[in-house]
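In: give the three-dimensional model of this entry:
(chains A, B and C)
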Amino acid sequence: MSKQDNVFKSLVNSFGLPRLLIAGFLLLLFCIAPIGHISITQSISDVLMRFGQNAVLVLAMVPMIHSGCGLNFGLPLGIIAGLLGGTLAIELNVVGAASFFVAIIFSVLFAIVFGYVYGILLNRIKGSEMMIATYVGYAAVAFMCMMWLLLPYKHPQMVWGYAGRGLRTTISTEGFYYHVLSDFLSFKIFGITIPTGSILFFAFLALCIWAFLHTKSGTAMTAVGSNPVFARACGINVNKIRTLSVIMSTALGAIGILVYQQSFGFIQLYMGPFYMALPAVSAILIGGASVNKASIANVVIGTLLFQGIVTMTPSVMNSIIHTDMSEVIRIVVSNGMILYALTRKSEATL
Amino acid sequence: MSFKTKMNNFFKGVKDKCVSLFKSSKTKVLKKPTLNGTKELLIKNIVPIMFIVIGIIGVYFSKFSAATIVNEMLTRLARNSFLVISLLIPIMAGMGLNFGMTLGAMAGQIGLILITDWGIVGIPGIILAAIISTPISILLGWWCGMILNKAKGREMVTSYIIGFFVNGVYQLVVLFMMGVIIPIKSEILLPRGHGVRNMVNLQGIRKSLDNLIPLRIGTVNIPVAAFILIALLCFFIIWFRKTKLGQDMRAVSSDMEVARASGINVEKTRVLSIIISTVLAGYGMIVYLQNMGTLNTYNSHMQIGMFSAAALLVGGASVAKANIRNVFLGVILFHLMFYVAPYAGKNLIGEAQLGEYFRVFVSYGVITIALVIYEVSKRRENRIEATLLRESTEGEKNA
Amino acid sequence: MSDNNIPLLEVRNVKKDFFGNVVLKDINFTLKEGEILGLVGENGAGKSTLMKILFGMKEITETGGYEGSILLNGKEVKFKSSFDALNAGFGMVHQEFSLIPEFTATENIVLNRESVKYSFASELYGDRLNTLDREDMRKRAVEAIKKLQVNLDENMSVSQMPVGYKQFTEISRELSRDGMKILILDEPTAVLTENEAESLLQAMKRLKAHGIAIIFITHRLQEIIDVCDKIIVMRDGKIVEDMKNENINIRQIAKAMVGREVSQVQNENSAQVSNNFSEDETILEVKNLWVDMPGEIVHDVNLKVKRGEILGIAGLAGQGKIGIPNGIMGLFNAGGEVIFNGKKLPHNNPKECIKNGLAFVSEDRRGVGLLLDESLEWNVSFGAMQAQNRFLKKICGIIKWRDKADIKKTTERCIQALQIKCTSSKQKARELSGGNQQKICLAKAFVLKPKLLFVSEATRGIDIGAKALVLDALKKYNKESGVTIVMVSSELEELRSVCSRIAVVTDGKVAGILPSSSSSDEFGLLMVAGHEAKEAV
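Out: Take a look at the predicted model:
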């Protein structure tokens, strides 16, 4: 009995109780899914599709967590860079897969500028990054709402038909980069659709981040996050490294939203990016990251678990108890996870 | 004695003072930084000044008559002040802006939903709603305070997330438990048998507080009763500052460790400040909604924290210091902008939508700026200290 | 007042150990009403621990309490917390101010003991809703200030007070307690100007007249001689002198404080270290250095370090010895001139310092010295990797990749050479004991291959075995690679066993440099007060 207890305890310790609960809940959902006549293969396909859609956005948390800037509640800033890149690519009428690359180039350029300014701001308010990041993100979204109305976009697929100006709230990526990654090399196995392109693209970016963390600068970034005083004593320019991490996070956010759009099919402007930070933040926390430690594994596990819950709860709930409580569960789980992380001192669980 | 020696002596005296000042330094603060007078005043009040300018421009382009604006401002003052005042006490206790006031707002809404269902109207309805909201607010405030005690140093972001979290719980209660566990019989229940409608018409209590003591000067309506209530609340706040508990909160806010060493129960004091704030926010929400007349069941509370915080900051408050004057100035300036922006946008660019986005942008922007200014000025003190030290050493060397 | 034979306070055979490490032993003394007791001793002599025991501080009860007994008016007392001590009539003014800066003197004096007026709300919600009686609070504050007879405005906000007034506010707070009989003052004059200190001493004499007993801890020996009735000198956790203040001079006290005469060890050692350096070649010159480091005063340090020597920097806590290496290495805001190997070093730039061949083992092991949550490999290699581009492989000529194999090899070599106890080179630094963590810090510095190494409080908080090993490693390193070492330590004996010369820092300045064979009282005099000492010698 006590031995079992110990096994359980060590499992909890190594995996983290909240994550264990969430994983268990997800498993339960999969187990009872057949009762509600839900196709498991379809569910897994959905989870994978959403994984490909969101993983890069979650990856965007990693550099800033590594450098000790905390959870990037300012993700909307990166998303705005992505929106600018995407709309510019369409405005220039670059069609097909090429539009995706043009969009990425533009968005990364914007992200570098935004990230640089944002990074300098965050360096001046060390210790209160998270609260200010939240409001920087919101203010930027609201500011861009005005810009979307005013910027001289002309492409007929994007502007309001009746006024001839001002961007629409949602713009289809059809004909541009719609599914350029999701359909690339995708195949079906046992009835499960694998979005190979999206996953490969994510893997490529994750590999880049992983590799970066093994270089001299990457090592410095981890050290800055782990103990900034130590890093400074070793001759590191802490502010520079932090700014670099913010630029990287912002750029990944920008690419992340493009990946999201190509899979989702629409560019969502105006208040669209408003609440996109919270799901990404809670996903990486569910994956086992803490406020100052995160790894690629946290990203993968977290995105799978989070998207699993988001996908499975509505369908299972609907079919079993005929009530859609999924929204409530999503809110409680994701924000509960963030609260849990904020009230803990630090130390990673993976 | 030549002029030169006189000057030398004078400077020596000054330097000696510097040196002795430095030598005697034990704690961090040596001397408050003295910026150029006007410049300091400007920087300190940058947010209200910006808003006065925006307000004037907005009013000019909105082409409203003075009476319309006065009327609207009085309404909004009566409607929002109570909510904004509920933020004061946590600031007093050093916990920053309590974004967890949405918890109280939710409690107030539950009270309103219930009295609407029971069909209790008028002032009795409002009082009953307040009575119902109180224990819920106390419970939520207590829980929120306990969580915030675990997240010292990041109270604001934590209280902000708590707002989201409890919103989930609120939805669970209102959308799934009402009609099933909590009996709801009237037409506010969704036809499917559980959950409250998206919109609840508060016909029964609508403006019953505002119109309790009617007063009309020209075309301007004055909600006297609401203002009396707000005045009472102000007296409460002023009285509260004078109590032992208020004094303890100020001590905790200034230095938690010193307060603890003197025997003050720091954690309990902090929790109490959040409880009071939550309860007041609950009442504030009831006052707010009786004026609005309709309850947007799943949305009304979400923005309230942000708007209240923004209004307070616009009034010149900071995260660490706020008073009643900030509340009223803030509500007037912030809501002036909020009211005229869409019309100004329409008249200026022909796009009302632009004005609406503008006011959202300004609300978030003002919180951002106020937070940044506060954090940056907190860090500036250290640099001043270094300057003094350098002066003292180099001064000595030269002498 | 009644019976003069029973002392107000009696301490009998008090002994205290922290987990087997004895810090206080055989403490016996008595204190009568209206007596001022001067307590002196080097840092670490046990003064603070003794006061913490008297004051019932948590640190004592949480670490297993103490042995022996404390008698108050002939009755034994045992305090569970400092609040018990306060109630029994103790008052203590700590070295660190415990004041609320935004409050006035009055509000601080009666903090958490405010006078209240009855308010109806208190019936419902408890006493904390009674309103403050500001007039009565003011009266009580003024009364307390009157006892001190100082010119302190009770309505002044603490943040605007000069330091001396803050000190008076603290003392007034203790005086305002009912039945305060014994006042403990822990280095109250250290931060005061001469005038302020003088008025404090006068105030103490007046309190004495009121029948209040005072325990006065200070490093300024002249003050002890000026006001105390009785002097206790502590060293190594024991009372070495307990004397009446009659015909005593500073020199006697200083000697008792520092203690042990130059021993054999000393002579042996001087043969070991002193022949290693060139007499006239200066490697590092410091001119007019000031450093802005909290709790440390450095403000006009001039110092020359000779190539190849081990220079010690001694001094009492807070006098600036620790600030010197921190300032030179750029960890805290600093100014003045630092010339290393004939080249002027920039300020606030740790990278340049490391590049030029300086290295620093910080006194703040866990805060500055280590990445607690990373592996030993990271801790050892990080500095060299970042500042000197070592432990890196180049991929495609541009990407600087971590060379794991090299890092592992070097770390393992260090682990072996310094006998670091760990499970592997991958273990997290947090999991190591204090001594082994310190060795990792040394390894980190050695790996940098510096020309000059600053070591700050290298043996603080580590056990004796590890201490010897650390000191030996430093000596060996100096001898074998000819590296100049500047060693900062609070333990004079330790410096004397390793260094050739020792600079004594007092009041943020170098009070003097002595060969380590100098007699103890010479060091003691330099330490207690630079300027006083010169006059006395």
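In: which single residue in the stretch 151-300 of chain A comes nearest to chain B?
Out: Nearest residue of the stretch 151-300 of chain A to chain B: residue A:278, at 7.1 Å (CB to the nearest CB). Every C-beta, even on glycine, is put in place using the N, C-alpha and C of the backbone.
In: swap that for the stretch 251-400 of chain C, please
Out: Counting by CB to the nearest CB, the stretch 251-400 of chain C gets nearest chain B through residue C:290, at 3.8 Å.
In: next, count neighbours for the closest residue to residue C:383 other than its chain neighbours.
Out: Leaving aside its chain neighbours, residue C:383 sits nearest to residue A:234 (4.3 Å; criterion: CB to CB, 6 or more residues apart in numbering or on different chains). Applying other CB atoms under 10 Å in any protein chain shown, we find 24 residues neighbouring residue A:234.
In: tell me which element the residue in the stretch 201-350 of chain A positioned nearest to chain B falls in.
Out: The nearest approach of the stretch 201-350 of chain A to chain B comes at residue A:331, 3.3 Å away (CB to the nearest CB). Element membership of residue A:331, judged by DSSP states H and E, is helix A:326-343.
In: could you dump that helix to CSV, C-alpha only?
Out: This file holds the C-alpha atoms of helix A:326-343, laid out as CSV (Å, rounded to 0.1, in the frame of the first residue of the first chain):
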residue,chain,number,x,y,z
SER,A,326,-17.0,22.6,-23.1
GLU,A,327,-16.6,26.4,-23.0
VAL,A,328,-16.9,26.4,-19.2
ILE,A,329,-14.4,23.6,-18.9
ARG,A,330,-12.0,25.2,-21.2
ILE,A,331,-12.1,28.5,-19.3
VAL,A,332,-11.7,26.9,-15.9
VAL,A,333,-8.9,24.5,-17.0
SER,A,334,-6.9,27.0,-18.9
ASN,A,335,-7.1,29.9,-16.4
GLY,A,336,-6.8,27.5,-13.5
MET,A,337,-3.5,26.3,-15.0
ILE,A,338,-2.2,29.9,-15.3
LEU,A,339,-3.3,30.6,-11.7
TYR,A,340,-1.5,27.5,-10.5
ALA,A,341,1.7,28.6,-12.3
LEU,A,342,1.5,32.2,-11.0
THR,A,343,1.1,31.1,-7.4
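In: what distance separates that helix from the middle of the whole chain?
Out: Centroid separation between helix A:326-343 and its chain, computed with CA atoms, centre = their mean, to the nearest Å, is 16 Å.
In: how about residue B:288, what does it touch?
Out: B:79, B:80, B:82, B:83, B:304 (CB atoms under 8 Å, 6 or more residues apart in numbering or on different chains).
In: if we can go back for a sec, residues near the residue of the stretch 201-350 of chain A closest to chain B, how many?
Out: Count around residue A:331 with other CB under 10 Å applied: 21.
In: that one and residue B:100, how far apart?
Out: From residue A:331 across to residue B:100, the span is 16 Å (CB to CB, to the nearest Å).
In: tell me how many other residues crowd residue C:95.
Out: Residue C:95 has 17 neighbours, counted by other CB under 10 Å.
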